[in-house]
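Participant: Quick one, structure for this:
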Amino acid sequence: MPLLILDRDGVINQDSDDYIRSLDDWKPIPGSIEAIATLSKAGYQVAIATNQSGLSRGFFGLEELEAIHNHLCSLVEEQGGEIAGIFYCPHLPDDGCDCRKPATGLLRAIETELSEPVAERYFIGDSFKDLQAGRAMGCKPVLVLTGKGEKTRLQLESSNNDLVDSSSIPIYADLAAASRDILSCYLS
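Facilitator: Modelled structure (predicted):
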């Protein structure tokens, strides 16, 4: 079963500079839940890799994070799909961990836990860090313009960008559009 990796905030749900602190703050982007379910039903093993420094900052606890993730999984299951795993980094940006994107620890954890290589697999994100992490592990990065996606597209287009080859990164309006295109290639 092919693997597909998603970022969470800004790809699946609305993002916030104030952090998604509770289930009340968590709002799915229109079409994202259906897209995940459709990918899953088509045979993709969908994993989520997300930075969640709000834990270390004390903005929310593990209970709130688990409530959000349980709700996300339930919504996908109601649509007939499944999320293979949700992998998160709780660390602050300056902690020096190996799991906070753009580091690759979350992707290595996905490989280990799901017994599936991430190289040559899609990694759909909205941030430059997502694209960098994906590239570092040999993934096929995809950018969506929701969340921080518009800002990231501008970064990609800047002449100062030499960290990620932007010419080969497909860009879509949102997860639903990206999934339709991925499925059209996969199913044909």
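
Participant: Look at residue 107 and give its secondary structure.
Facilitator: Assigned with DSSP: H, G, I helix; E, B strand; the rest coil, residue 107 falls in the helix class.

Participant: buried residues in the helix or strand of the chain with the lowest mean pLDDT?
Facilitator: Within the chain, no helix or strand scores below helix 175-187, which has a mean of 89 by mean pLDDT, DSSP states H and E. Within helix 175-187, the residues that qualify as buried are 175, 176, 177, 178, 179, 182, 183, counting by 16 or more other C-beta atoms under 10 Å. (Each C-beta comes from the backbone N, C-alpha and C, glycine too.)

Participant: do stretch 45-61 as well
Facilitator: Neighbour-count burial for stretch 45-61 [16+ other C-beta under 10 Å]: 45-55, 59-60.

Participant: Check stretch 32-43 too.
Facilitator: 32, 33, 34, 35, 36, 37, 38, 39, 40.

Participant: From residue 72, how far out is the last one?
Facilitator: Taking C-beta to C-beta, to the nearest Å as the measure, residue 40 and residue 72 are separated by 13 Å.

Participant: ok, residues contacting the helix of greatest length in the chain?
Facilitator: Using DSSP state H, we find that the single longest helix of the chain is helix 62-78. By C-beta atoms under 8 Å, 6 or more residues apart in numbering, the residues outside helix 62-78 that reach it are 8, 12-13, 20-23, 26, 28, 33, 36-37, 40, 52, 55, 82-83, 86, 88.
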